[in-house]
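1. Take this sequence and fold it.
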Amino acid sequence: MAGAGAVSVVDISVLDDPRELAAAIKNALSTTGFLFVKGHGLEQQAEDMFRISERFFAEETEEEKRRCAYQNNMGYTRVSQETLDPTLPAPDLKEGFNTGHIEPGQPPVPCHPLPRLLNEHIDALLAFRQGCFAFCQRMLEAFAVALDLKPDHFTSQHNLSVDNRSILRFLHYPAVPAGAQVDPNRAGAHTDYGSCTALFVQSNGGEGLQILPPSEPLEGGKWQDVGSVEGALLLNIGDALELWSGAEFKSTLHRVRLPSPIPAEGIPARYSIAWFNQPDGDASLKTVVPVSSISARDLERMERKGVTPGTEVTSDEHLQARLASTYKQRAVA
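-> Numbering: from 1, shown residues only. Down below sits the predicted model:
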């Protein structure tokens with residue numbers, strides 16, 4: 001398995017057997033919790049989504065954005081509205097749009113208001129959501145095999161239905177001109193909440209994504225650059241799967257930072273697209289390994305997130321608690 005920055009790389013196009021895939025990815029999931037995945041089959045769709053996303057952020061009217069403002073983890077969030085790390089003095093320097101469930105049909109029906117420029121592409125949005133879900137189902141099967149569970153242990157608890165809380169998110173980090181005096185925080189340190197996340201990033205959007213490996217102390221630990229791999233998506237473990245696996249698979253702190261000082265030529269805009277794969281709301285996240293096998297360090301990391309391995313908690317209960325405790329929203333002016 002090759003490496004890029006702090007994160008390993010695997011080409012899944014040559015790993016048809018779930019056991020082979022499980023063997024190829026287990027070490028990365030157990031150390032950094034991050035993995036570059038090549039050969040995922042979503043390359044062309046992702047390019048189309050980036051074109052749609054860029055047009056939305058550049059051309060959509062403020063009226064449409066306000067009409068579709070953030071509510072219940074769906075809709076538009078304006079620049080500096082979010083604070084993923086509430087310990088920082090400055091909010092996140094980004095804007096985004098969260099798309100929830102889209103019911104197939106002629107035409108497809110979104111479960112929440114979509115702005116005009118996104119609704120024009122609702123068929124493509126639906127197809128991409130379905131593609132991301134199918135990719136994660138394949139990876140979840142390998143995750144189960146890696147933990148010596150039945151192959152469908154995790155996939156059976158993920159369904160792309162109207163009640164599912166999985167989110168497809170478009171993100172835009174505005175360009176920073178030369179000489180600008182801004183806080184380096186583009187996205188504060190956080191972990192993701194679901195089972196796993198598939199992140200698509202353009203190669204011309206600059207670097208900045210960093211992880212704090214679980215082996216590092218939370219205070220004063222060394223952050224590491226993720227790097228980039230042409231044509232690959234970035235897969236990472238979320239809190240739900242860390243809880244399920246008893247921290248056998250790590251949900252790792254990550255952030256997006258600007259270089260300091262800002263270089264003379266400035267920093268280009270950065271776009272990314274994230275699929276936040278969420279288990280069904282009533283899925284039990286009770287730990288599938290003996291709690292006694294979890295290290296003291298991992299127990300401390302999990303307890304800081306407000307989760308206790310071995311207890312009965314549903315995916316929805318866990319999601320709501322994580323949103324309430326770490327996904328801070330700045331009041332709309």
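2. List the contacts of the most centrally placed residue in the chain.
-> Against the mean C-alpha coordinate of the chain, by CA atoms, centre = their mean, the closest residue is residue 197 at 3.8 Å. Residues near residue 197 by CB atoms under 8 Å, 6 or more residues apart in numbering: 235-236, 238, 274-277. Every C-beta, even on glycine, is put in place using the N, C-alpha and C of the backbone.
3. my read is it is in a helix, agree?
-> No: using DSSP: H, G, I helix; E, B strand; the rest coil, the assignment for residue 197 is strand, not a helix.
4. Just the pLDDT for it.
-> pLDDT, the model's per-residue confidence, is 98 for residue 197.
5. Just the closest of the contacts of residue 197 to residue 60, please.
-> Nearest to residue 60 among the contacts of residue 197: residue 274, at 19.1 Å, using CB to CB.
6. Find the nearest non-adjacent residue to the closest one, please.
-> What sits nearest to residue 274 in space, not counting adjacent residues and going by CB to CB, 6 or more residues apart in numbering, is residue 169, at 4.6 Å.
7. what's near enough to touch that neighbour?
-> Here residue 169 is in contact with 96-99, 273-276 (CB under 8 Å, 6+ apart).
8. Tell me the one of those residues nearest residue 53?
-> Of all those, residue 53 sits closest to residue 273, with 6.4 Å by CB to CB.
9. And for residue 102, the neighbour number?
-> Residue 102: 24 surrounding residues under other CB atoms under 10 Å.
10. which residues does it form a beta bridge with?
-> residue 110 (DSSP bridges).
11. quick one: contacts for it?
-> Under the criterion of CB under 8 Å, 6+ apart, the neighbours of residue 102 are 108-111, 122, 125-126, 129.
12. Tell me, what's the model's pLDDT at it?
-> 98.
13. Residue 49 contacts residue 126, doesn't it?
-> No: at 11.8 Å, residue 49 does not count as touching residue 126 under the criterion of CB atoms under 8 Å.
14. Can you check which residues contact both of these two?
-> Counting by CB under 8 Å, 6+ apart, nothing touches both residue 49 and residue 126.
15. which SS class is the spatially closest residue to residue 172 that is not a sequence neighbour?
-> The shortest distance from residue 172 to any residue other than its chain neighbours is 4.3 Å, reached at residue 57 (CB to CB, 6+ apart). With three-state DSSP as the basis, residue 57 sits in helix.
16. And residue 57, how close does it get to residue 101?
-> For residue 57, the distance to residue 101 equals 22 Å [CB to CB, to the nearest Å].
17. One more: residue 187?
-> Distance, residue 187 to residue 101, using CB to CB: 25 Å.
18. The two - which one has more neighbours?
-> Counting neighbours by other CB under 10 Å for residue 187 and for residue 101 shows that residue 187 has the greater number, 23 against 20.
19. Wait, that one touches residue 92, no?
-> Yes: taking CB under 8 Å as the definition, residue 187 is a contact partner of residue 92 at 5.0 Å.
20. Residue 72: neighbouring residues, count only.
-> For residue 72, the neighbour count with other CB under 10 Å is 11.
21. got it, and residue 305?
-> Neighbour number of residue 305 under other CB under 10 Å is 18.
22. Leaving out the residues flanking it, which one is nearest to it?
-> Distance criterion CB to CB, 6+ apart; nearest residue to residue 305, sequence neighbours excluded, is residue 239 at 6.0 Å.
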